[in-house]
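Colleague: structure, please.
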Amino acid sequence: MHPHLHTKDNIACEEVMTALEECHARGFLWKSMGMCNDAKQQVTLCLRAERLKRTAKNREAAKAKRDKIKQKWAEIEENS
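Modeller: This is a model prediction of the structure:
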């Protein structure tokens with residue numbers, strides 16, 4: 001399963017998500033015969049790449065915040 005497709009975080013994957021939706025719109029038989037598997041795989045790969053970008057960005061922001069807090073504590077310890 002994948003998360004909700006059309007969100008602000010997944011804008012870069014819009015084209016492949018649209019292709020998957022068009023494939024699914026062709027009907028149940030089309031989906032059940034595996035004709036949409038390639039489109040689904042492309043969506044999965046794109047969403048994974050976007051998630052990895054977000055986690056790297058969040059990790060950097062958290063590291064910067066931790067460093068700032070450590071610096072503040074060092075200043076407090078110096079002045080105490």
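Colleague: can you point me to the longest helix in the protein?
Modeller: Secondary structure of the chain per DSSP state H: the longest helix is helix 37-79.
Colleague: distance between that helix and the chain's centre?
Modeller: Relative to its chain's centre, helix 37-79 lies at 12 Å (CA atoms, centre = their mean, to the nearest Å).
Colleague: packing partners for that helix?
Modeller: Judged by 3 or more CB pairs under 8 Å, 6 or more residues apart in numbering; DSSP states H and E, the packing partners of helix 37-79 are helix 14-25. Backbone N, C-alpha and C define where each C-beta goes, glycine included.
Colleague: which secondary structure elements does the following helix or strand past the helix it packs on contact?
Modeller: Where DSSP states H and E defines the elements, the next helix or strand beyond helix 14-25 is helix 28-32. Judged by 3+ CB pairs under 8 Å, 6+ apart, helix 28-32 is in contact with helix 14-25.
Colleague: what angle separates the longest helix of the chain from helix 14-25?
Modeller: Orientation check (axes from the mean of the first three to the mean of the last three CA atoms, to 10 degrees): helix 37-79 against helix 14-25 gives 140 degrees.
Colleague: need the nearest residue in space to K31, chain neighbours excluded.
Modeller: Counting by CB to CB, 6 or more residues apart in numbering, H24 is the residue found nearest to K31 once chain neighbours are left out, at 5.8 Å.
Colleague: can you get me a residue count around that neighbour?
Modeller: Using other CB atoms under 10 Å, H24 has 15 neighbouring residues.
Colleague: contacts only, for it.
Modeller: W30, K31, C36 (CB atoms under 8 Å, 6 or more residues apart in numbering).
Colleague: and of these, the nearest to S80?
Modeller: C36 (63.9 Å; CB to CB).
Colleague: list buried residues within the contacts of H24.
Modeller: Among the contacts of H24, those scoring as buried are C36 (criterion: 16 or more other CB atoms under 10 Å).
Colleague: what separates K65 from R59, distance-wise?
Modeller: Using CB to CB, to the nearest Å, one gets 11 Å for the distance from K65 to R59.
Colleague: E15 too?
Modeller: Note on E15: its distance to R59, by CB to CB, is 27 Å.
Colleague: N79 now?
Modeller: Using CB to CB, N79 is found at 31 Å from R59.
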